[in-house]
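>>> The following comprises the amino acid sequence and a computationally predicted model.
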Amino acid sequence: MKKYKHSSEHSTKGKKAKIKKRIATVMVVNMLSMAVLPAAVFGASIPVASATTTNTDTAATTAKVPSPDTLNLNVRSAVLIEPTTGEVLLSINADEAYAPASMTKMMTEYIVADKVKKGELSWDTEVTVQKNAASSVGSRIYLAEGDTHSVEELYIAMAVGSANDATVALAEYVAGSEQEFVKMMNEEAKRMGLTKTHFINSTGLDRADMPEEFRPEEDRETLMSAMDAAILAKYIITDHPDFANYTAIPSYKFRETDADPMVNWNWMLEANKGVTNFKQFAYEGLDGLKTGHTKSAGNCFAGTAERDGMRLISVVMGAETNASRFTETKKVLDYGFENFEVKQVVAAKSAVPGVETAPVVKGKETEAPVVTEQAVNFLVPKGTENPTPTFETSFEGEGLTAPVEAGAKAGTITYTYKIEGMASEQVQTVNLVTSEPVDKAGWFSLMFRAIGDFFGDMFDSIKNLF
């Protein structure tokens, strides 16, 4: 595979090839009068130099972003990411592992939703509550052993009311036991790259709060970093874009006989803007994801909101009170929405300066015009004009082989963009595809092209001798 940045790579001739060409010089001197024939008659391909140009009328300007230190967050750890680019906008102790409390349930939610998506489980499936689930403490909906409820009812109880008993009931139904389900959770964490995460149960309860006969043998606790929680949230949003059908439910009556509905622990839901008790916390565009609280974890919240086509994911861990986890989250999200935006830096079907064509073998034309298959978007500071990412192209082998259809993949182009002051780079790779077809050349044309290339090489050798 050949890779290019802003200039073409040319192979050098070996010593043996140079000697052969010098031997052929005697023959060629008698043909100098035919010097124009290789290109004009035989149709030899003449390389065309390409150059990268800069439009001085559209010079890039990058807006300045204030330091997140100015937010004065009162939390143990925090992180803010934009999920489509993976850009980390704010990071405070984000890689330190702490007790996540009920944010653990995000992994249970992901696995159950994934089973439904794959057809291995149905929302209508009836689940019979077992002893472990019925014995759960903390936030719960008071399930009794032997009760039956649908997967969807239990899922809503988990997502809205953070019900530990509903969560365990789902875990046991999916895997046969909660500890078998925990194995699935840890396998998924490894697949997702959650390097600071370890689960011991499906709920986030401390080990001491689990029913004694159902505790794991290992003497460990569930741990997760804020960064891992944000990555997990990214997987939920990306793989299950209908997540808000459940996480954004403000209240839900689990049984007809219940005196009151369960109320979503997420006070920041936009739907709460008209609710007296919560309207001070309601946040525009916020539709998820999961709160958490235990004595060891403090108050945690993984939140996500979308405004003007841009979604952000925030995580705060170890806030002092239920309310402060939301006021601190507001600071984090405001920082993102007020200072950043997702901007298209390369349009789909765009020609790339300096890489306008790809080589074609055995075609009527020796090159085919290429364009980007998809648009390229990067997160940039608000006010940035004409962001200019660097790029590197890669073409497979010696080129496309005719016949070539329009839309054929010729190679790839990888764009890299870095925001000043940010530790990470944004990287996006898209295909370079042909914008026009190239027919296969006839054998007669190919023969004369080969002859032309042969004589062209010899004349180049003669020129180099002098």
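Arrived safely.
>>> mind listing what's buried in stretch 232-247?
Leu232, Ala233, Lys234, Tyr235, Ile236, Ile237, His240, Phe243, Ala244, Tyr246, Thr247 (16 or more other C-beta atoms under 10 Å). To be clear about C-beta, it is placed using only N, CA and C from the backbone, and glycine gets the same treatment.
>>> can you give me the helices for the stretch 301-450 of the chain?
Assigned by DSSP state H, counting those that start in this stretch, the helices in the stretch 301-450 of the chain fall at 322-339, 443-465.
>>> that older thread, for the buried residues of stretch 232-247, which two are the farthest from each other?
Between all members of the buried residues of stretch 232-247, the longest pairwise span (C-beta to C-beta) is found for Lys234 and Tyr246 and amounts to 17.4 Å.
>>> can the buried residues of stretch 232-247 go into JSON lines with extra columns for distance to Leu89, pLDDT and secondary structure?
As requested, the buried residues of stretch 232-247 are exported to JSON lines (distance: C-beta to C-beta, whole Å; pLDDT from 0 to 100; DSSP: H, G, I helix; E, B strand; the rest coil):
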{"residue": "Leu232", "distance to Leu89": "18", "pLDDT": "98", "secondary structure": "helix"}
{"residue": "Ala233", "distance to Leu89": "14", "pLDDT": "98", "secondary structure": "helix"}
{"residue": "Lys234", "distance to Leu89": "13", "pLDDT": "98", "secondary structure": "helix"}
{"residue": "Tyr235", "distance to Leu89": "19", "pLDDT": "98", "secondary structure": "helix"}
{"residue": "Ile236", "distance to Leu89": "19", "pLDDT": "98", "secondary structure": "helix"}
{"residue": "Ile237", "distance to Leu89": "16", "pLDDT": "97", "secondary structure": "helix"}
{"residue": "His240", "distance to Leu89": "23", "pLDDT": "97", "secondary structure": "coil"}
{"residue": "Phe243", "distance to Leu89": "21", "pLDDT": "96", "secondary structure": "coil"}
{"residue": "Ala244", "distance to Leu89": "22", "pLDDT": "97", "secondary structure": "helix"}
{"residue": "Tyr246", "distance to Leu89": "27", "pLDDT": "97", "secondary structure": "helix"}
{"residue": "Thr247", "distance to Leu89": "22", "pLDDT": "97", "secondary structure": "helix"}
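>>> pLDDT score for Phe454?
Note on Phe454: pLDDT of 53.
>>> What of Ala59?
At Ala59 the predicted local distance difference test score is 62.
>>> repeat for the one 4 residues further on
According to the predicted model, the pLDDT of Ala63 comes to 73.
>>> so what's it up against?
Applying C-beta atoms under 8 Å, 6 or more residues apart in numbering, we find Ala63 in contact with Val380, Pro381, Lys382, Gly383, Thr384.
>>> Identify the bridge partners of the closest residue to the third one other than its chain neighbours.
Across the structure, with C-beta to C-beta, 6 or more residues apart in numbering as the measure, the residue nearest Lys382 apart from its sequence neighbours is Glu341 (5.1 Å). When assigned by DSSP bridges, Glu341 has beta-bridge partners Val380.
>>> Confirm for me that Glu341 is in contact with Val380.
Yes: at 6.5 Å, Glu341 and Val380 qualify as touching, with contact defined as C-beta atoms under 8 Å.
>>> surely Asp228 meets His198?
No: under the criterion of C-beta under 8 Å, Asp228 lies out of contact with His198, with a separation of 10.0 Å.
>>> hey, what's in contact with both of the two?
With contacts taken as C-beta under 8 Å, 6+ apart, the residues that reach both Asp228 and His198 are Ala97, Ala189.
>>> okay, these two: which has more neighbours?
Per other C-beta atoms under 10 Å, whichever of Asp228 and His198 has more neighbours is Asp228, with 26 against 17.
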